[in-house]
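>>> here you go, sequence then predicted model.
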Amino acid sequence: MNEAEIQRQKEIKEAEELLFTGPQALGFAKGLFLGRFVSDWAMPYPRIPAAQQADLDKSLVEIRQFLDQELDPTAIDRAADIPRNVIEGLARTGVLGMTAPKEYGGRGFSQRAYCKILEEIGARCASTSVFTNAHHSIGIRALLLFGTREQKQRWLPPLVNGQQLAAFALTEEEAGSDAANVQTTATPSADGSHFILNGEKRYITNASIAQVLTVMARTPVPGSDKTSITAFLVTPDMAGFTMLEPRMEKLGIKGTATGRFAMRDMAVPKENVLGPIGKGLKVALTVLDFGRTTFGACCTGAARTCLQLAVAHANKRRQFKKTLADFDLVKKKIGRMAADLYAMEAMTAVTASLIDRGLEDYMMETAMLKVFTTERLWDAVNDAFQIYGGSAYFTDLPLERMLRDARINQIGEGSNEVLTSFIALVGMRGPGMEFKEIYDTMFNPSRGLGKAWTAGMNRLGAAVKVPNVPVKSESLRAHAAQLGRLIWRFNLSVNRALIKYREPVMDMQLIQERIAGVAMEMFASACVLSRLDADLQGVGQNGASAPGSRRSAELFLRQSFHRMRRFLSELSDNDDAELLATANSVLGKQPAIGTRNGN
Ligand SMILES: Cc1cc2nc3c(=O)[nH]c(=O)nc-3n(C[C@H](O)[C@H](O)[C@H](O)COP(=O)(O)OP(=O)(O)OC[C@H]3O[C@@H](n4cnc5c(N)ncnc54)[C@H](O)[C@@H]3O)c2cc1C
């Protein structure tokens, strides 16, 4: 085995350990890759129970009032700081502990309801929504999910009521996208009473204003020379904690304090270990599931603002003796923004409900939501910017700030490239394992035919059956049938790619991008169908009466189906070989031996 192969085997082992421990229920995304429509993950459209809806409505009134009166996103951007009165207002209105259980002072809101609150904040000020996310969605999340009762009792109340703030510190110089490559060490003391932490963290939101930080560090694996990651609760008053840069100057979300800090021989009591020792990566990725879901909500809110701004300007600004709204190239942008917005909201609601239902493994769905909503928001900001023309460029309008603010979304909490590849690879694992079973048996018949037979029948079954996409509304049957046929075609394409490329497909990111692209569109379309079905049946919440709502949904489905077909046909009809050859020559790289292209 060469070095690259050894590294790859190591990565596979790590990923398997992380993602595939124990038997897994078949979720929506994994089902797509097997040609199935796991309908109960997306349908019926999740409703907020009436009692909770009343609490949510009350909170929304209170929060909107506070935001209208006290939140000034322009001032926050210019001062590069979120003022204390805003943080206090967020605490007063319960935002900083909204999903924490009531026994610790939280409001006990579901993730679905909390997303509606974050949508509201994201619509106004990205600095404030990212600050809130860093504190609540990821900062206190490991404590909420993995803390012992004693830890929760001790740490949560001041964090939930906003007396203290939280941060989540994973990223370091060598551990960005490669989150497993954390170099910070945590060495157990001789008497076992504490761990000694050494290392540096960078790009950490809230680091310099937080009183409690969840820090990931490497601990020894007993009885071996290996190490693995463990989560620790750290406070900045611990001896050895040094803030190197409290507010790194940056492009957007300027109000957030993004910091860099060091830990030098810093003693952390063993009582501060969060979750099982050595399982910190699992803790981190589970925490990020929540972060990515609220990312979706914040992006949805911001996209709504873009649409509102674009509509207002297009109706008002006149050129060539017409309003901009009279030009088809402007309408094209507005129609697409409305369609995408409908989908972003539906996808956020469905994904949040997966968390609320306590389902087992929704990492693929949260990754899909994050990639989809962050890309669509970027398009929406860009389109709104274009509709405003030169005026968007100036600081008296919010769009230049929104453009700067939106750029972080495609990078933070897992860059979109890494997540796209992850979606394709994890998705293909299911059918890939079935094929492996068939291959292995073909070349070693003494293994017995039983498992291979089952795997073969599964592959064959998916190949001949178009899955049913159940909708109640007669008028949606044709769309549902189209989605079913596309899932069937997708499954065939995935099978074909696995048979054609076999293991090298794990390195073929251009193929992965298309496969993940179809899967994301399918998830989005299923959520849109689910929401529109509920709207048409008169059981939808928030949005059934929005102008153009049905049209937006139907346009989304049409455009999404087109995009799926394009991705599928480009799996075999593409310029991948030429593209990679050009990039290699510009990069001064020899093509790797065995490099495959997408043809
Ligand atoms: C404003 C801000 C706030 C942040 N807040 C936090 C926080 O609170 N806590 C925290 O822990 N971290 C935080 N981060 C860090 C953030 O999560 C990382 O920046 C992100 O994970 C990417 O890591 P990196 O910057 O090291 O980029 P790199 O890992 O160097 O990646 C650079 C680019 O390379 C590409 N790339 C990398 N790997 C692959 C691959 N396998 N395949 C294809 N392309 C690839 C991607 O396009 C990626 O964007 C924050 C960052 C910023 C900018």
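Sure thing, it's come through. Here the structure is a predicted model, which is why all the values come from computation and not from measurement. Numbers count the residues shown, from 1 in each chain.
>>> that's a strand at Thr219, yeah?
Yes. According to DSSP: H, G, I helix; E, B strand; the rest coil, Thr219 belongs to a strand.
>>> where does the nearest residue to it once chain neighbours are set aside sit: helix, strand or coil?
Excluding its sequence neighbours, the residue lying closest to Thr219 (Cβ to Cβ, 6 or more residues apart in numbering) is Thr230, at 4.4 Å. C-beta: built from backbone N, CA, C; applies to glycine. Secondary structure for Thr230, judged by three-state DSSP, is strand.
>>> and Thr230, what is it in contact with?
Ala186, Met216, Ala217, Arg218, Thr219, Val273, Gly275, Ile277, Gly278, Lys279, Gly280 (Cβ atoms under 8 Å, 6 or more residues apart in numbering).
>>> distance of it from Ala167?
Applying Cβ to Cβ, to the nearest Å, the value for Thr230 to Ala167 is 17 Å.
>>> any idea how far the residue in the chain that the ligand sits nearest to is from Tyr203?
Residue nearest to the ligand within the chain: Gly176 (1.8 Å; Cβ to the nearest ligand atom). Separation of Gly176 from Tyr203 (Cβ to Cβ) stands at 8 Å.
>>> of the two, who's got more company?
Tyr203 (19 against 15; other Cβ atoms under 10 Å).
>>> flag every residue of the stretch 351-500 of the chain that's near the ligand.
Ile408, Ile411, Gly412, Glu413, Ser415, Glu417, Val418, Ser421 (Cβ under 6 Å from any ligand atom).
>>> go again using 5 Å as the cut-off
Within the stretch 351-500 of the chain, the positions near the ligand by Cβ under 5 Å from any ligand atom are Ile408, Gly412, Ser415, Glu417, Val418.
>>> give me the subset of those lying in helices.
Glu417, Val418 (DSSP state H).
>>> now tell me what touches stretch 555-565 from outside.
335-336, 338-340, 342-343, 479, 482-483, 486, 490, 517-518, 521-522, 524-525, 528-529.
>>> could you rerun that using 6 Å?
Gly335, Ala339, Tyr342, Ala343, His479, Gln482, Leu486, Val518, Glu521, Ser525, Val528 (Cβ atoms under 6 Å, 6 or more residues apart in numbering).
>>> correct me, but Gly97 touches Pro157?
No. With contact defined as Cβ atoms under 6 Å, Gly97 does not count as touching Pro157 (8.7 Å).
>>> the more surrounded of those two?
Neighbours per residue (other Cβ under 10 Å) separate Gly97 from Pro157, with Gly97 holding more: 27 against 17.
>>> give me every residue in this structure lying close to the ligand.
Close to the ligand, as judged by Cβ under 5 Å from any ligand atom, the chain has residues 134, 170-171, 176-177, 203-205, 258, 408, 412, 415, 417-418.
>>> switch to 8 Å and redo it
Proximity of the chain to the ligand is confined to 130, 134, 138, 167-171, 173, 175-179, 201-207, 216, 250, 252-253, 256, 258, 408, 410-418, 421, 509 under the rule Cβ under 8 Å from any ligand atom.
>>> what's opposite the residue nearest to Thr219 in the beta bridge?
Ala217 (DSSP bridges).
>>> please report the distance of it from Val182.
10 Å.
>>> and for Ile387?
44 Å.
>>> name the SS class of Thr99, please.
Under three-state DSSP, Thr99 comes out as coil.
>>> just use 31 as the starting number from now, easier for me
Sounds good: first residue 31 from here, last item Thr129.
>>> run a quick neighbour tally on it.
24.
>>> try Ala81
8.
>>> hang on, Lys400 packs against Thr324?
No. If you go by Cβ under 6 Å, Lys400 and Thr324 don't touch, sitting 10.0 Å apart.
>>> which stretch of helix or strand covers Leu120?
Taking DSSP states H and E as the criterion, Leu120 maps to helix 114-122.
>>> list of residues touching that helix?
Phe96, Glu100, Leu101, Leu126, Gly192.
>>> Throw those residues into a markdown table and include pLDDT and secondary structure, thanks.
Formatted as a markdown table, the contacts of helix 114-122 follow (pLDDT from 0 to 100; DSSP: H, G, I helix; E, B strand; the rest coil):
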| residue | pLDDT | secondary structure |
| --- | --- | --- |
| Phe96 | 98 | helix |
| Glu100 | 98 | helix |
| Leu101 | 98 | coil |
| Leu126 | 98 | helix |
| Gly192 | 95 | coil |
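>>> pull out the buried members of these.
Among these, the ones that count as buried by 16 or more other Cβ atoms under 10 Å are Phe96, Leu101, Leu126, Gly192.
>>> so Asn525 belongs to a helix, correct?
Yes. Asn525: assigned to a helix according to three-state DSSP.
>>> okay, now the closest residue to it other than its chain neighbours: neighbour count?
For Asn525, ignoring the flanking residues on the chain, the nearest one in space by Cβ to Cβ, 6+ apart is Pro461 at 6.1 Å. Neighbourhood size, Pro461 [other Cβ under 10 Å]: 23.
>>> where does pLDDT dip in this structure?
Scanning the chain for pLDDT under 70 picks out 31-54, 468-469, 471-483, 486-487, 489-493, 570-577, 621-629.
>>> Val242 versus Ala196, what's the distance?
For Ala196, the distance to Val242 - Cβ to Cβ - is 5 Å.
>>> quick one: which of these two has more around it?
Just comparing Ala196 and Val242: by other Cβ under 10 Å the higher neighbour count belongs to Ala196, 27 against 23.
>>> just the helices in the stretch 331-480 of the chain please.
Per DSSP state H, counting those that start in this stretch, the stretch 331-480 of the chain carries helices over the ranges 358-386, 393-418, 429-436, 446-473, 480-494.
>>> just how off-centre is stretch 337-349 within its chain?
Centroid separation for stretch 337-349 versus its chain: 31 Å, with Cα atoms, centre = their mean, to the nearest Å.
>>> tell me the buried residues in that stretch?
Leu337, Leu339, Ala340, Val341, His343, Ala344, Arg347.
>>> now render those residues as a markdown table, adding distance to Asp111.
Below are the buried residues of stretch 337-349 laid out as a markdown table (distance: Cβ to Cβ, whole Å):
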| residue | distance to Asp111 |
| --- | --- |
| Leu337 | 29 |
| Leu339 | 25 |
| Ala340 | 29 |
| Val341 | 32 |
| His343 | 30 |
| Ala344 | 34 |
| Arg347 | 34 |
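>>> ok, of the residues you listed, which one's closest to Asp255?
Leu337 (55.9 Å; Cβ to Cβ).
>>> weed out the non-buried ones from the residues of the chain next to the ligand.
Here, 16+ other Cβ under 10 Å leaves 160, 164, 168, 197-201, 205, 209, 231-237, 246, 282-283, 286, 288, 438, 440, 442-444, 446, 448, 451, 539 buried among those.
>>> work out for me the element the residue lying closest to Leu148 once chain neighbours are set aside sits within.
Closest residue in space to Leu148, ignoring its immediate chain neighbours: Ala327 at 4.2 Å, by Cβ to Cβ, 6+ apart. Ala327 belongs to helix 310-346 when assigned by DSSP H and E.
>>> who does that helix touch, helix- and strand-wise?
helix 141-152, helix 171-176, strand 257-264, helix 358-386, helix 393-418 (3 or more Cβ pairs under 6 Å, 6 or more residues apart in numbering; DSSP states H and E).
>>> give the buried residues for that helix.
310-337, 339-341, 343-344.
>>> stretch 601-610 now?
Leu601, Asn604, Asp606, Leu610.
>>> stretch 447-467 too?
In stretch 447-467, counting by 16+ other Cβ under 10 Å, buried: 448-462, 464-467.
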